[in-house]
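Undergrad: Sequence first, then the predicted structure:
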Amino acid sequence: DHIVMEFVLKPEHGYVPLCVVASWFVHHLYMSMKVVFARKKYNVQYPSLYADAENCPKETSRKAFNCIQRGHQNSLENHPTFLVMLLIAGLTYPITASIAGACYVVGRIVYFEGYATGNPDRRQASAPLMYGGMFTLVGCAINGAISLLSSGSK
């Protein structure tokens, strides 16, 4: 009816929470501060999430701010999925998951910085790192789940 398994944390599992903390610094400090500085530079006041003609009359300033804000917002939208995949994958494959997680986080920086140039097409340079990291995490999570499910049939 149920599977009794023992789960042993090895020293290499420590890389997974380090990756979680690194992603927090990137998303909630580094990118957030860039948005704060952009708010001051382009005079976009809270509670406005984006710049519009009313709160930022200069079109080039609107685009510049909105690209910075959108890069951060997109990263935040994807952060929970990344964390769940990292933690699930890290249970079975801590080193692979941590390397993939680090690739994803570095890819997110490249994504954000590319978007922040004001040319949204420049965010595409992050795709190999970011998606390579995420798809590796998804694959590890799936493989770990299949291994767990198949262990019950033995």
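TA: Good, I have the coordinates.

Undergrad: rest of the way, CA atoms for contacts and neighbours
TA: OK.

Undergrad: hey, which helix or strand in the chain has the poorest pLDDT?
TA: Averaged element by element with mean pLDDT, DSSP states H and E, the chain has its least confident helix or strand at helix 127-151 (a mean of 95).

Undergrad: just checking, what packs against it?
TA: Packing contacts for helix 127-151, counted by 3 or more CA pairs under 8 Å, 6 or more residues apart in numbering; DSSP states H and E, involve helix 59-92, helix 94-115.

Undergrad: can you redo those helices as a markdown table with distance to residue 129, mean pLDDT and mean neighbour count?
TA: Listed next are the helices and strands packed on helix 127-151 as a markdown table, based on distance: least, CA to CA, whole Å; pLDDT from 0 to 100; neighbours: other CA atoms under 10 Å:
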| stretch | distance to residue 129 | mean pLDDT | mean neighbour count |
| --- | --- | --- | --- |
| helix 59-92 | 13 | 97 | 20 |
| helix 94-115 | 5 | 98 | 24 |
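
Undergrad: and of the ones you listed, who's closest to residue 13?
TA: helix 94-115 (5.1 Å; CA to CA).

Undergrad: got the contact list for that closest one?
TA: 12-13, 15-16, 19, 22-23, 26, 31, 67-68, 70-72, 75, 82, 86, 89-90, 120-134, 136-137, 140 (CA atoms under 8 Å, 6 or more residues apart in numbering).

Undergrad: Restrict those residues to the buried ones and give me that as a ChimeraX selection.
TA: Buried members of those, defined by 16 or more other CA atoms under 10 Å, are picked up in ChimeraX with:
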select :13,15,16,19,22,23,26,31,67,68,70,71,72,75,82,86,89,90,120,122,123,126,129,130,131,132,133,134,136,137,140
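
Undergrad: any idea how far residue 18 is from the residue nearest the centre of the chain?
TA: Ranked by distance to the mean C-alpha position of the chain (CA atoms, centre = their mean), the top residue is residue 79 at 4.3 Å. Counting by CA to CA, to the nearest Å, the separation of residue 79 from residue 18 is 15 Å.
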